[in-house]
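Enquirer: Sequence first, then the predicted structure, then my questions.
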Amino acid sequence: MKILITGGAGFIGSHLCDKYTKEGHTVLCLDNFMSGNLINIRHLLDYRNFKLVKGDIRDFDLLEKLMRDVDVVFHLAAQIHVDRSYIEPRLTYDTNVMGTQNILEVARMYDAKKVIYASTSEVYGSAQYAPIDEKHPLSAPHPYGASKIAADRMCYAYIQTYGMNISILRLFNVFGSRQRDFGYGGVISIFTRRALSNISPIIYGDGLQTRDYTYIEDAIRAYDLVLNHEEPIPEPVNFGSGREVSILDLANMIIDLCGKSGDIKPVHVEPRIGEVERLIADATKAKNLLGWEPECSLKEGLRAFVQWYRNYGFEERLKIE
Ligand SMILES: NC(=O)c1ccc[n+]([C@@H]2O[C@H](COP(=O)([O-])OP(=O)(O)OC[C@H]3O[C@@H](n4cnc5c(N)ncnc54)[C@H](O)[C@@H]3O)[C@@H](O)[C@H]2O)c1
């Protein structure tokens, strides 16, 4: 297959690039490096079936050139950070909504066989009931979530209107190797970076807000099951573990796994405006439809991540940033 992976130099996208390049598919990785990093994919540059395109999903003409004979699109490129969306709502909208619209439109033009869209649990806002199934209201309180709702619904509209084969994956928080560990990064990688450097993790508010974490390998398996599912999947599907963990507990687990329990403890600062209080997945549909269930426990995943970070995270990244 010829596969386009937008956001392929990012955290999740680079793992997809790895998998499908090594399986022998022709992989086009499109990324503008807003939050992606060459280090995530540079080992693939030697493969003849892998091509990196530095470019932007907001560039319709580029997509027209690139997507002519693409079979499958994994669309992950996005401005992904909630905090950044407060500061740059326009950039967030242009990237996440207009960029997605471009992808859908060009996929329609060229009759792409399948588009797999990375939606998110953030579309739900804070849980109005728990666990959150796919029928939960979409009530994200921040520009990031709002932009992802718009893109998620635009995918749905293209399925309904044009009969396209588009899958909408609502992933709950994913963590693992290559996740950005600074600035607008993932909380687990930022906490790990700080803990290993003997610096306390910073927690906004009391830390009792909860999230549901999926290890990267389980997330990639979810993508692969969706890719290989014969029938179209016209309704969104949640992928999450159903395990709820508070940010405070998470910080303490990471401090412990980094061997810093006696040295540092979390520091609390003012709560963030509009922060989602509670996220926990009901992934029954993913189980029934695809047989997907997370295989990696939170503790195992965190241990693997801290190990990876000790080996490759810090030093390697310093070289390239
Ligand atoms: N990480 C999570 O926990 C999580 C959970 C649910 C959904 N998602 C979704 O998965 C996708 C990937 O997230 P991630 O965590 O890998 O983030 P990431 O920031 O590592 O990846 C996003 C990639 O998109 C690229 N990009 C941004 N704007 C672009 C543009 N205009 N044109 C081309 N490339 C552009 C970035 O440079 C980056 O490489 C996003 O759509 C995100 O909303 C992520």
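Expert: Happy to help now that I have it.
Enquirer: CA atoms for contacts and neighbours, from now on please.
Expert: OK.
Enquirer: check which helix or strand covers Asn288.
Expert: According to DSSP states H and E, Asn288 maps onto helix 284-290.
Enquirer: An error on my part: the question was meant for Val53.
Expert: Short version, using DSSP H and E: Val53 is in strand 50-54.
Enquirer: buried set for that strand?
Expert: Neighbour counts over strand 50-54 (16 or more other C-alpha atoms under 10 Å) mark 50-52 as buried.
Enquirer: Which parts of the stretch 101-250 of the chain are strands?
Expert: According to DSSP state E, counting those that start in this stretch, the stretch 101-250 of the chain carries its strands in the segments 114-120, 166-171, 173-175, 202-204, 210-211, 213-215, 237-239, 245-246.
Enquirer: can you redo these as a markdown table with mean pLDDT and mean neighbour count?
Expert: Shown next, in a markdown table, are the strands of the stretch 101-250 of the chain (pLDDT from 0 to 100; neighbours: other C-alpha atoms under 10 Å):
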| stretch | mean pLDDT | mean neighbour count |
| --- | --- | --- |
| strand 114-120 | 98 | 23 |
| strand 166-171 | 98 | 24 |
| strand 173-175 | 97 | 23 |
| strand 202-204 | 96 | 19 |
| strand 210-211 | 96 | 22 |
| strand 213-215 | 98 | 25 |
| strand 237-239 | 98 | 27 |
| strand 245-246 | 97 | 18 |
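Enquirer: Reformat the ones you listed as TSV; add distance to Leu38.
Expert: Formatted as TSV, the strands of the stretch 101-250 of the chain follow (distance: least, C-alpha to C-alpha, whole Å):
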stretch	distance to Leu38
strand 114-120	21
strand 166-171	24
strand 173-175	19
strand 202-204	28
strand 210-211	29
strand 213-215	22
strand 237-239	27
strand 245-246	32
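Enquirer: any chance of the ones you listed in CSV, plus distance to the ligand?
Expert: Output for the strands of the stretch 101-250 of the chain, formatted as CSV (distance: least, C-alpha to the nearest ligand atom, whole Å):
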stretch, distance to the ligand
strand 114-120, 4
strand 166-171, 4
strand 173-175, 4
strand 202-204, 18
strand 210-211, 10
strand 213-215, 8
strand 237-239, 9
strand 245-246, 14
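Enquirer: Could you tell me which residues of the stretch 1-150 of the chain lie near the ligand?
Expert: 6-13, 30-36, 55-58, 76-80, 95, 118-120 (C-alpha under 6 Å from any ligand atom).
Enquirer: Now with 5 Å, please.
Expert: Contact residues (C-alpha under 5 Å from any ligand atom) of the stretch 1-150 of the chain with the ligand: 7, 9-12, 31-36, 56-57, 76-78, 80, 95, 118, 120.
Enquirer: what's near enough to touch the spatially closest residue to Asp218 that is not a sequence neighbour?
Expert: Distance criterion C-alpha to C-alpha, 6 or more residues apart in numbering; nearest residue to Asp218, sequence neighbours excluded, is Pro294 at 5.5 Å. Applying C-alpha atoms under 8 Å, 6 or more residues apart in numbering to Pro294 gives the contacts 214-215, 218, 240-241.
Enquirer: now, which of these sits nearest Cys155?
Expert: For the contacts of Pro294, the residue nearest Cys155 by C-alpha to C-alpha is Gly240; the value is 20.6 Å.
Enquirer: Hmm, that closest one is touching Ile216, no?
Expert: No. Gly240 is not in contact with Ile216 according to C-alpha atoms under 8 Å; the separation is 11.2 Å.
Enquirer: Looking at those two now, which is surrounded by more residues?
Expert: Neighbour comparison, Gly240 and Ile216: the larger count goes to Gly240, with 32 against 23 (by other C-alpha atoms under 10 Å).
Enquirer: From Ala222, how far off is that one?
Expert: 10 Å (C-alpha to C-alpha, to the nearest Å).
Enquirer: packing partners for the strand holding Val53?
Expert: With contacts defined as 3 or more C-alpha pairs under 8 Å, 6 or more residues apart in numbering; DSSP states H and E, the packing partners of strand 50-54 are strand 26-31.
Enquirer: Done for today, thanks.
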